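*Asks:* Model the following, please.
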Amino acid sequence: MTQPPYAPPVQPPPPSGRWQPEKVEAVPGTEFGLVQFKVAPITSGLAIGSLIAGIGAILVSTLVLCFGLTGSGAGWGALVAGAFTLPSVIGGVGAIVVGLVARRQIRRSGHTGQVRFTGGGMAMAGISCGAAGAGIALLSLTLALVLQL
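*Replies:* Predicted coordinates:
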């Protein structure tokens, strides 16, 4: 038996569930083809982490404000506020850095055949929350120091 000099057109498999063909290329000289499937977009884990860290920075900064104001009359407010300011600022800066990395990851993804990441808004919200949390913590510490004097 001899091979025909041409390859018949390759029919993609029927779409089923998540697997849907995006492109079918015939292999020359055979009756086979290569199927490239569509890759569903994925939410960036870095964007999610940035948002979680930013929200955490805001929550800890409220502790800085509460303990700073409550303890300013007793003399321990600035000390406790300072202790909570450090994790809030570290979390806020971390949220900003991870959010910027996530936006870069999202911007560079999505070429043909590669995973496409989504979550640009989530990354931007993480950057904003991280900056707000660090700023609120620093302002609250300053207020606690002024009230304690």
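*Asks:* List the beta-bridge partners for Val24.
*Replies:* With DSSP bridges as the criterion, Val24 is bridged to Val35.
*Asks:* wait, isn't it in contact with Phe37?
*Replies:* No: look at Val24 against Phe37 with CB atoms under 8 Å: they stay out of range, at 10.2 Å. From N, CA and C alone the C-beta is placed, and that goes for glycine too.
*Asks:* what do those two both touch?
*Replies:* When CB atoms under 8 Å, 6 or more residues apart in numbering defines a contact, no residue borders Val24 and Phe37 alike.
*Asks:* And the spatially most central residue of the chain, how far from Lys23?
*Replies:* Centroid-nearest residue in the chain: Ala47, 0.7 Å away (criterion: CA atoms, centre = their mean). Separation of Ala47 from Lys23 (CB to CB, to the nearest Å) stands at 29 Å.
*Asks:* Same question for the residue nearest to the centre of the chain, what's its three-state structure.
*Replies:* helix (DSSP: H, G, I helix; E, B strand; the rest coil).
*Asks:* give the contact list for it.
*Replies:* With contact set as CB under 8 Å, 6+ apart, Ala47 has these partners: 99, 102-103, 106, 117, 119-120, 122-123, 126.
*Asks:* Reformat these as a markdown table; add neighbour count and pLDDT.
*Replies:* Listed next are the contacts of Ala47 as a markdown table, based on neighbours: other CB atoms under 10 Å; pLDDT from 0 to 100:
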| residue | neighbour count | pLDDT |
| --- | --- | --- |
| Gly99 | 28 | 98 |
| Ala102 | 26 | 97 |
| Arg103 | 22 | 96 |
| Ile106 | 22 | 94 |
| Phe117 | 22 | 94 |
| Gly119 | 23 | 96 |
| Gly120 | 16 | 95 |
| Met122 | 23 | 97 |
| Ala123 | 29 | 97 |
| Gly126 | 31 | 98 |
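*Asks:* Out of those, which comes closest to Gly82?
*Replies:* Of all these, Gly126 has the smallest distance to Gly82: 25.1 Å, by CB to CB.
*Asks:* Tell me which other helices or strands whichever strand or helix holds that closest one touches.
*Replies:* Applying DSSP states H and E as the criterion places Gly126 in helix 120-148. Helix 120-148 sits against helix 45-70, helix 77-108, with contacts defined as 3 or more CB pairs under 8 Å, 6 or more residues apart in numbering; DSSP states H and E.
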